[in-house]
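Student: any chance you can model this:
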Amino acid sequence: MNDKDVEECIHKAYESLKDGKASTAQGFLKKALEIDYENPIVLHALKSLNWWLEKIKRLDDFHDPYEQGGYILSQWKSYYVFLDRIKAARLSGRETGLPQEAYDSCQYAIKRFIYSLALGFLLEVLGDGNNQQDPVLLLHAGRCCKGAGNWEDALKYLEQASRLKKEDSVILSELADVSALLGDEKTAKLLFREAFFLDPQGIDLEGLESEMMLRLRDKTGELGYSGPELSEWIPVWGCIWGIFSVKRELKPVELGRLKQSILSLENEFQSKSGSDGQIKPKLLNRYFWLIDYCELNRDSSGLMDETMLKIKFIDPVIYEHYRT
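Tutor: Below you'll find the model as predicted:
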């Protein structure tokens with residue numbers, strides 16, 4: 001067994017994937033497996049690539065490039081479930097552990113390959129610009145460009161999508177993610193905050209790539225939240241930890257909607273005695289927005305003090321974190 005030969009095969013496989021040469025990549029991984037048939041990195045890479053190759057076989061069932069690109073993108077959620085099963089097998093001891101760096105390198109190469117493949121179909125649809133008034137198509141194109149490593153083009157498509165569909169949490173979160181990847185932290189923080197206010201559960205947490213959000217997602221998850229609750233608690237802790245720190249003025253109509261939403265959630269929280277794990281973070285997030293409004297407008301009506309007392313009542317721990 002020659003570790004250097006295995007490493008070289010893995011490297012060539014990943015570079016081939018990034019170039020869109022899946023069959024070549026598969027060949028290098030099989031060669032590596034012949035050298036070391038128990039290598040966990042090779043086994044994981046082959047499982048991941050083979051999973052996608054099985055899905056790609058179905059592309060011939062679709063004759064429209066829009067459907068082909070959409071089909072590829074629709075498989076990501078199933079792929080995440082597949083990866084979670086592999087992770088569970090490792091944690092249970094049924095499979096050999098894998099270093100995080102090796103896992104990340106493999107998934108990066110897979111993403112580059114799959115998103116580039118989907119982008120090729122979507123660009124056919126975008127063509128000479130006739131279809132560039134479709135926000136969903138532009139969102140897909142932006143996501144693909146981001147996944148393929150072309151952040152500038154991703155920004156262009158996502159900005160177009162945002163202009164066409166202004167209050168969309170998915171578009172805003174992707175635009176925030178790309179802004180962060182491009183180093184525009186202020187814009188990223190503002191847009192992430194907006195996105196997680198509008199619809200936290202509509203955001204694809206697994207698809208986000210910026211270090212800012214990866215840290216926030218993982219750190220919030222370490223507190224014991226998962227699934228829909230994780231999405232709702234991210235903006236709460238994002239505010240407390242200073243990640244969602246860029247704020248803006250609310251328009252009068254937005255303030256009215258915010259107060260109405262708070263009233264509705266308060267009634268719901270009381271009727272369920274706080275038993276619904278998603279209502280509390282929703283309510284806390286809106287309280288934070290209301291306090292921001294009071295601070296920005298130097299409100300002297302006592303509304304801010306009243307809101308702080310409400311936070312203390314429903315969650316003393318969050319209150320202590322927030323006020324410090």
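
Student: what number of residues lie near the spatially closest residue to Cys239 that is not a sequence neighbour?
Tutor: Closest residue to Cys239 apart from its sequence neighbours, by C-beta to C-beta, 6 or more residues apart in numbering: Phe288 at 5.0 Å. All C-beta atoms are positioned from the backbone trio N, CA, C, and that covers glycine. By the other C-beta atoms under 10 Å criterion, the neighbourhood of Phe288 contains 23 residues.

Student: how about Asp3?
Tutor: Neighbour tally, Asp3, other C-beta under 10 Å: 10.

Student: need the pLDDT of it.
Tutor: Note on Asp3: pLDDT of 82.

Student: show me the contacts for it.
Tutor: Shown in contact with Asp3 (C-beta atoms under 8 Å, 6 or more residues apart in numbering): Asp36.

Student: chain center to the one helix or strand Lys282 maps to: distance?
Tutor: Element membership for Lys282 (DSSP states H and E) is helix 279-296. From the chain centre to the centre of helix 279-296 is a distance of 23 Å (C-alpha atoms, centre = their mean, to the nearest Å).

Student: contacts for it, please.
Tutor: Applying C-beta under 8 Å, 6+ apart, the external contacts of helix 279-296 come out as 196-197, 229, 232-233, 235-236, 239, 247, 249-250, 255, 258-259, 261-262, 265-266, 268-269, 272, 274, 299, 303-304, 307-308, 310-311, 314-315, 318, 322.

Student: check which residues of that helix are buried.
Tutor: For helix 279-296, the neighbour count (16 or more other C-beta atoms under 10 Å) marks 279-294 as buried.

Student: could you dump stretch 177-190 to CSV, C-alpha only?
Tutor: Extracted in CSV, the C-alpha atoms of stretch 177-190 (Å, rounded to 0.1, in the frame of the first residue of the first chain):
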residue,chain,number,x,y,z
ASP,A,177,-24.3,34.5,1.6
VAL,A,178,-22.7,35.6,-1.7
SER,A,179,-22.1,39.1,-0.2
ALA,A,180,-20.3,37.5,2.7
LEU,A,181,-18.2,35.3,0.4
LEU,A,182,-17.2,38.4,-1.5
GLY,A,183,-16.2,40.2,1.7
ASP,A,184,-19.1,42.6,2.0
GLU,A,185,-19.9,41.8,5.6
LYS,A,186,-22.1,44.8,6.3
THR,A,187,-24.5,44.0,3.5
ALA,A,188,-24.4,40.3,4.4
LYS,A,189,-25.4,41.0,8.0
LEU,A,190,-28.2,43.2,7.0
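
Student: in this protein, what helix or strand scores lowest on average pLDDT?
Tutor: helix 76-91 (a mean of 89; mean pLDDT, DSSP states H and E).

Student: run through the helices of the stretch 51-200 of the chain in chain order.
Tutor: With DSSP state H, counting those that start in this stretch, the ranges of helices along the stretch 51-200 of the chain come out as 65-74, 76-91, 100-126, 135-147, 151-164, 169-181, 185-198.

Student: quick one: low-confidence parts of the protein?
Tutor: Within the chain, the stretches with pLDDT under 70 are 1, 93, 95, 128-130, 274-275.

Student: show me the domain layout of it.
Tutor: Annotated domains of the chain cover 1-131, 138-238, 252-323 [automatic domain parsing].

Student: just name the most buried of the ones you listed.
Tutor: domain 138-238 (a mean of 20; mean count of other C-beta atoms under 10 Å).

Student: ends of that one, what's the gap?
Tutor: End-to-end span of domain 138-238 (C-alpha to C-alpha, to the nearest Å): 28 Å.

Student: likewise stretch 124-138?
Tutor: Stretch 124-138 has an end-to-end distance of 12 Å (C-alpha to C-alpha).

Student: skipping its backbone neighbours, what lies nearest Phe144 in space?
Tutor: Rather than Phe, residue 144 is Cys. Leu119 (3.7 Å).

Student: and Asp5, which of the helices of the stretch 51-200 of the chain is closest to it?
Tutor: Among the helices of the stretch 51-200 of the chain, helix 100-126 comes nearest to Asp5, with 16.6 Å by C-beta to C-beta.

Student: still on that earlier bit, including distance to Ser48, could the helices of the stretch 51-200 of the chain go into a markdown table?
Tutor: What follows is these, written out as a markdown table (distance: least, C-beta to C-beta, whole Å):
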| stretch | distance to Ser48 |
| --- | --- |
| helix 65-74 | 15 |
| helix 76-91 | 8 |
| helix 100-126 | 5 |
| helix 135-147 | 15 |
| helix 151-164 | 23 |
| helix 169-181 | 22 |
| helix 185-198 | 28 |
